[in-house]
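In: sequence isn't available, so here's the structure alone:
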């Protein structure tokens, strides 16, 4: 879950981050429960969600009359966050990391192959 204390208290920010979390979980859902579990592992562990927050902030500052981030802004932030998440999976493989965000890393829990494919 995103840490809202790290983000500007702009009108629409809480809504945007909530929608971001829901969209992150939705887009990694698969017909295969194992794939969904591996893909959601770090999403469920939380994080600052800086990249989506920057996208939301930029949209709210540019269009102050909107009050909420558009679906395109949320999806763009989610896309960038997923690239970041994937890079973390690969980084953990390269470093042989046992943990990430205070939970067992994907490679430690399921193996390097699974972490590489999920990343």
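Out: Perfect, I can see it now. This is a predicted model, so every value here is computed, not measured.
In: so what's the gap between the host helix or strand of residue 72 and the chain middle?
Out: Element membership of residue 72 [criterion: DSSP states H and E] is helix 71-95. Computed by CA atoms, centre = their mean, to the nearest Å, the chain-centroid distance of helix 71-95 equals 6 Å.
In: roughly how far does residue 28 sit from residue 84?
Out: Taking CB to CB, to the nearest Å as the measure, residue 28 falls 13 Å from residue 84. C-beta coordinates here come from the backbone N, C-alpha and C atoms, glycine included.
In: neighbour-wise, which of these two wins?
Out: Using other CB atoms under 10 Å as the criterion, residue 28 and residue 84 rank with residue 28 on top: 19 against 15.
In: isn't that one right up against residue 36?
Out: Yes - if you go by CB atoms under 8 Å, residue 28 and residue 36 touch, sitting 6.5 Å apart.
In: and residue 104, what is it in contact with?
Out: Applying CB atoms under 8 Å, 6 or more residues apart in numbering, we find residue 104 in contact with residue 98.
In: ok so, going back, against which helices or strands is the helix holding residue 72 packed?
Out: Counting contacts by 3 or more CB pairs under 8 Å, 6 or more residues apart in numbering; DSSP states H and E, helix 71-95 packs against helix 13-27, helix 33-44, helix 50-62, helix 106-110, helix 112-118.
In: how far does the third one sit from the chain's center?
Out: Centroid separation between helix 50-62 and its chain, computed with CA atoms, centre = their mean, is 14 Å.
In: how near is the residue positioned nearest the centre of the chain to residue 67?
Out: With distances taken as CA atoms, centre = their mean, residue 81 lies nearest the centre of the chain, 4.5 Å away. Using CB to CB, we find residue 81 at a distance of 23 Å from residue 67.
In: repeat that for residue 15.
Out: Counting by CB to CB, the gap from residue 15 to residue 67 is 9 Å.
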